[in-house]
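**Student:** Give me the fold of what follows.
(chains A and B)
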Protein chains: 2
Amino acid sequence: MNNAPIGVFDSGVGGLTVVKEILDQLPQEKIIYFGDTARVPYGNKSADTVTRYSGQIIRFLLSKGAKTIVIACNTASAVALEEVKKEFDVPMLGVVKPGAKAAAEATKNGKIGVIATEATIRSEIYSKFLKKTDPQVTVYAKACPLFVPLVEEGWTNNDPITEQVVARYLSELCEKDIDALVLGCTHYPLLREMIQRAVGERVTLVNPAVETARELKYLLEENHLMSTQTVSGGRESDAPVQHEFYVSDGAEKFLQFAASILPEAVLRPENIRVETFE
Amino acid sequence: MNNAPIGVFDSGVGGLTVVKEILDQLPQEKIIYFGDTARVPYGNKSADTVTRYSGQIIRFLLSKGAKTIVIACNTASAVALEEVKKEFDVPMLGVVKPGAKAAAEATKNGKIGVIATEATIRSEIYSKFLKKTDPQVTVYAKACPLFVPLVEEGWTNNDPITEQVVARYLSELCEKDIDALVLGCTHYPLLREMIQRAVGERVTLVNPAVETARELKYLLEENHLMSTQTVSGGRESDAPVQHEFYVSDGAEKFLQFAASILPEAVLRPENIRVETFE
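**Tutor:** Below is the predicted model of the structure:
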């Protein structure tokens, strides 16, 4: 079981930023990734639908022998994790709890901003986790539904239109004297520079992916599930780790995006009809 | 069979603009509408996936007794109509052919612009239909993937950011001396004013929904499928027409949008797991 793969999924390609952190911190682990590119995005859909889709994907990942599941999507972590935990008997981890933990550590004045999709903000889950960690903190949340389409259109590098959208969405938060801001959607780190400029250097930007990889390590240790394979220098190995990638639509487009995020060669992803995993 | 309903579908709510035209022109007909709000948008997905989803929806609409099918989504009309026509033995109509016909009638100098989703533009279907009508026309096409999210965010009424996005997408077309522009996505008529300003008053904006309702009338007549019910004044009736609305996610959100488009009261839509109609 130890050398079984870690199943990671997201509504699309954004979860690869989480995969990157896992590969950096746990280079001996094998990853099976699923991106639900046919039904992306999740952020403007209901909790019921996102939970049903998450269940189908987890069933698929378990059919591939996953020893643990990482929900690399903030929306699915926010609205589906508690439900699917009840259904599946396998260690599971989302990105929200680690993200909240990192934010609670980053703040000094106890004023924390959260930006995410509509569904994540509506769930108020970051607020719940942050308040549980420290009842004194104040959380200011803002949904930014245009960030994902702007990133997917490639209008990222200091594009003047994107800059205005960032400024409009973040203006409320800027008035609240926050000193930490959670990037609560896997696409948002790709707008990092513009977000930092809009909120000012004083505000620490928190990327939940980093802390998620760290929590994953604890989870594997706790469950005695760490891989026993060895890799030299994290890149070469006697038996190189062959990660697997699956999507529900458009393998070609996925491949281009993957190449821009992951340092290692990504094998051609396979198309899966995930809705049949009921 | 004549008094059976007309099945209309779209990837989401935009197709209601087509329903509105049908109700105006054919008030005696009953509509069964399906919006695939769980899997919206279609415009950035592959032809295979959109075709599979369209097949499931048509199977659902036929299970409800539809006498004919209107594909009110440009993307599905562009990439799936020819395929599904082979599979189902029922009269079908998309919005692309009527849209192309209206554009060919509107142009005087033979230079026509088309704006639509990535998938519709990639299919080159408007160009094919326009060239078939008149081999002399020149077609300039441009995908505008941010228009749908901007409309869904509600940044429509002369919003300065949307104004800049419109100007950026349309600047190429403006240089081409076009005199007709097809609004090749059901959301785009909601940006009509800004689009008109960007291209100038000289350019006729073509909304395929209007011509689609007209073509539907011919299709029903041709197949002897016109409803024999009578309505007085299009609003009142001895037996009022009860339209039916179905969605795959988020009935509440759908209802709000429907109220802004349709003059008549829309009954609470029902949630359907359309992926089971394989």
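**Student:** What's the per-residue pLDDT of the closest residue to residue A:88 other than its chain neighbours here?
**Tutor:** Spatial nearest neighbour of residue A:88, excluding adjacent residues (C-beta to C-beta, 6 or more residues apart in numbering or on different chains): residue A:58 at 5.7 Å. Any C-beta I mention is one placed from the backbone N, CA and C, and that applies to glycine too. pLDDT, residue A:58: 98.
**Student:** do the same with residue A:232
**Tutor:** 56.
**Student:** for chain B, what are the nearby residues on chain A?
**Tutor:** For chain A, the contact set with chain B under C-beta under 8 Å from any C-beta of the partner chain comprises A:37-39, A:44-46, A:48-49, A:145-146, A:149-150, A:152-153, A:160-161, A:164-165, A:168, A:248-250, A:275.
**Student:** rerun at 6 Å
**Tutor:** Applying C-beta under 6 Å from any C-beta of the partner chain, we find that chain A lies next to chain B at A:38-39, A:45-46, A:49, A:145-146, A:149, A:153, A:161, A:164, A:249-250, A:275.
**Student:** could you dump those to TSV with secondary structure and pLDDT?
**Tutor:** Below are the residues of chain A next to chain B laid out as TSV (DSSP: H, G, I helix; E, B strand; the rest coil; pLDDT from 0 to 100):
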residue	secondary structure	pLDDT
A:38	coil	95
A:39	coil	95
A:45	coil	93
A:46	coil	94
A:49	helix	96
A:145	coil	95
A:146	coil	97
A:149	helix	93
A:153	helix	90
A:161	helix	98
A:164	helix	98
A:249	coil	95
A:250	coil	85
A:275	helix	92
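**Student:** Can I have the buried ones of those residues as a PyMOL selection?
**Tutor:** Of these, the buried ones go into a single PyMOL selection, burial set by 16 or more other C-beta atoms under 10 Å in any protein chain shown:
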select buried, chain A and resi 38+39+45+46+49+145+146+149+153+161+249+250+275
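**Student:** How far off centre is the helix or strand where residue A:220 lies?
**Tutor:** Taking DSSP states H and E as the criterion, residue A:220 maps to helix A:208-222. Its chain's C-alpha centre lies 12 Å from the corresponding centre of helix A:208-222 when counted by C-alpha atoms, centre = their mean, to the nearest Å.
**Student:** what packs against it?
**Tutor:** Applying 3 or more C-beta pairs under 6 Å, 6 or more residues apart in numbering or on different chains; DSSP states H and E, one finds that helix A:208-222 makes contact with helix A:16-25, strand A:92-94, helix A:96-106.
**Student:** which is the next helix or strand following it?
**Tutor:** Using DSSP H and E, the helix or strand that follows helix A:208-222 towards the C-terminus is strand A:244-247.
**Student:** what's that following strand packed up against?
**Tutor:** In terms of contacts (3+ C-beta pairs under 6 Å, 6+ apart), strand A:244-247 is packed against strand A:31-35.
**Student:** Neighbouring strands - and their directions - for the strand it packs on?
**Tutor:** Applying DSSP bridges to the sheet, strand A:31-35 is found paired with strand A:6-10 (parallel), strand A:244-247 (parallel).
**Student:** Name the nearest residue to residue A:76, ignoring sequence neighbours.
**Tutor:** residue A:54 (4.9 Å).
**Student:** show me what contacts the residue nearest to residue A:68 when sequence neighbours are not counted?
**Tutor:** Distances taken as C-beta to C-beta, 6+ apart place residue A:91 nearest to residue A:68, at 4.5 Å, with adjacent residues excluded. Residues counted as contacts of residue A:91 (C-beta atoms under 6 Å, 6 or more residues apart in numbering or on different chains) are A:68, A:219, A:223.
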